[in-house]
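[1] Okay, predicted coordinates and the sequence, questions at the end:
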Amino acid sequence: MSFSIDVSWKSLNKQGEELCGDKVEVLKTEDSDIVILADGMGSGVKANILATLTSKILGTMLREGASIESCVETVAKTLPICKIRKVAYATFSILQIFHSGEAYLAEFDNPSCVFIRDGKIVKYPYEVREIEGKKVHESRFQVKKNDCFTLMSDGVIYAGAGSILNLQGWTWEAMSEYTLKCTKKTLSASRLAVMLCQACDELYEEKPGDDTTVAVARVIERRVVSIFTGPPAKKEDDERIIHDFMHSEGKKVISGGTSANIAARVLGKEIVTEISTAGSDVPPTAVIEGIDLVTEGVLTLGKCLKLLKKYVRGEFDEEFFDELDADNGASRLAKLLIEECTELNLFVGTAVNEAHKETELNFELSMRQNLVEQLVKTMEAMEKRVTVKYY
């Protein structure tokens, strides 16, 4: 079984600061996924520079196969010395999950990772190694599907200190129990990151006393989604595109009325329109036996892309997920691509849609092509593997 990870993170800037002093870096290598969370000393610009340098150095070196000793040594020698405190300092957590199921966790001065498996908080064994005068906690273990890891900066466990929770702050124990409770509501990394960050913001009474970051990594199997959109340039290729599409892996989505008609004809199936799924700006979906989702084309793809781009920019919160859970074609497609897809196969027809040939919408082919290109770029920005076949 080949493992992958669903990763997401959210940050709160310290009150009054424009830049966050925490930085998360996510990297994919040929045989693993790496998540790095660095927390620069202090706050604001200096902390941001320290955290960014630390995460970039660690990421670049680990991707090239460097040892943790070399990474820490390079970080120690590279970070600029603070004139006031006379030290160069950034804490970090590194989680590397190999496709084989092996995992490596290294932590320096950040709160311990919350590891949840089978509905329980798991205490993982670690060894302490001293590298360049820094005590690094190292763990190696095997992962299972649905394992959940939450990395955090110390702003998380200090949330509420001095106000709601008096001097104590949230504490690691209370935070880990809340994380466990949240995993019973959702397995989505992005939803969990939003829940945890929102809890911190509430404990800080929306005035964070420190930069606060949670990074969630969830172990998943590879998940394939295949989308067929647009009729092929030659009508005789109708059967070929449907054959290739139906014999592809994973969930099947058809985008476009003409595309749906071609599929229904070739497969000998009926199309049933779901009027109840029509939104104010999204046409209704339809049902074809054997297909997971059937939507209208250009309008639905455009609205779906807006949601995907919002997600890529990190602009997701409770309101975003309310929209993602809406029962319309654009939201259902976006949710599928965000939460249930590691690889996307696109089967794209290049014929001009007959329905628009004699109208001002005769540029529909170029519009669909443009949307497909945007979809490819956006999905790749989400670290999804994309393949496109044109017909």
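    Yep, it's here.
[2] got the contact list for the longest helix seen in the chain?
    The single longest helix within the chain, with elements called by DSSP state H, is helix 44-63. Under the criterion Cβ atoms under 8 Å, 6 or more residues apart in numbering, residues 14, 17-25, 27, 29, 34, 36-42, 70-71, 74-75, 78-80, 82, 88-90, 92, 94, 96, 211 lie in contact with helix 44-63. Just so you know, the C-beta spots here come from the backbone N, C-alpha and C atoms, and that holds for glycine as well.
[3] Which among those count as buried?
    Buried members of those, counted by 16 or more other Cβ atoms under 10 Å: 14, 17, 19-25, 27, 34, 36-42, 71, 74-75, 79, 82, 88-90, 92, 94, 96, 211.
[4] which ones among the residues you listed are found in helices?
    Secondary structure from DSSP H places 71, 74-75 of the buried ones among the contacts of helix 44-63 in helices.
[5] For the residue lying closest to Tyr89 once chain neighbours are set aside, give me the pLDDT.
    Leaving aside its chain neighbours, Tyr89 sits nearest to Met41 (4.1 Å; criterion: Cβ to Cβ, 6 or more residues apart in numbering). The predicted local distance difference test score for Met41 is 85.
[6] Thought Ala90 was touching Met41, still the case?
    Yes: with contact taken as Cβ atoms under 8 Å, Met41 and Ala90 are classed as touching, separated by 6.3 Å.
[7] What is the least confident helix or strand in the chain?
    Comparing helices and strands within the chain by mean pLDDT, DSSP states H and E singles out helix 68-78 as the least confident, with a mean of 82.
[8] How about residues contacting that one?
    The set of residues that contact helix 68-78 without belonging to it, under Cβ under 8 Å, 6+ apart, is 53-54, 57-58, 61-62, 88, 90, 92, 94, 106, 108, 129, 131-134, 136, 138.
[9] Off-centre distance for it?
    Distance of helix 68-78 from its chain centroid, counting by Cα atoms, centre = their mean, to the nearest Å, is 28 Å.
[10] again with stretch 53-64
    Stretch 53-64 has its average C-alpha position 20 Å from the chain's average C-alpha position, going by Cα atoms, centre = their mean.
[11] same question, stretch 143-158
    Offset of stretch 143-158 from its chain centre (Cα atoms, centre = their mean): 15 Å.
[12] ends of it, how far apart?
    With Cα to Cα, to the nearest Å as the measure, the first residue of stretch 143-158 is 29 Å from its last.
[13] Give me the buried positions along that stretch.
    Using 16+ other Cβ under 10 Å, the residues of stretch 143-158 that count as buried are 143, 147-158.
[14] Just give the nearest non-adjacent residue to Thr150, would you?
    Across the structure, with Cβ to Cβ, 6+ apart as the measure, the residue nearest Thr150 apart from its sequence neighbours is Val114 (4.2 Å).
[15] re the thing from before, now the least confident helix or strand of the chain and helix 44-63, what's the angle there?
    Computed with axes from the mean of the first three to the mean of the last three Cα atoms, to 10 degrees, the direction of helix 68-78 lies at 150 degrees from that of helix 44-63.
[16] So what are the sheet partners of the helix or strand where Ser8 lies and their directions?
    According to DSSP states H and E, Ser8 maps onto strand 3-12. The strands that strand 3-12 pairs with in its sheet are strand 212-221 (antiparallel) (by DSSP bridges).
[17] Can you name the next helix or strand after the partner strand?
    Stepping forward along the backbone from strand 212-221, the first helix or strand reached (DSSP H and E) is strand 224-229.
[18] any idea how far that following strand is from the chain center?
    19 Å.
[19] Done for today, thanks.
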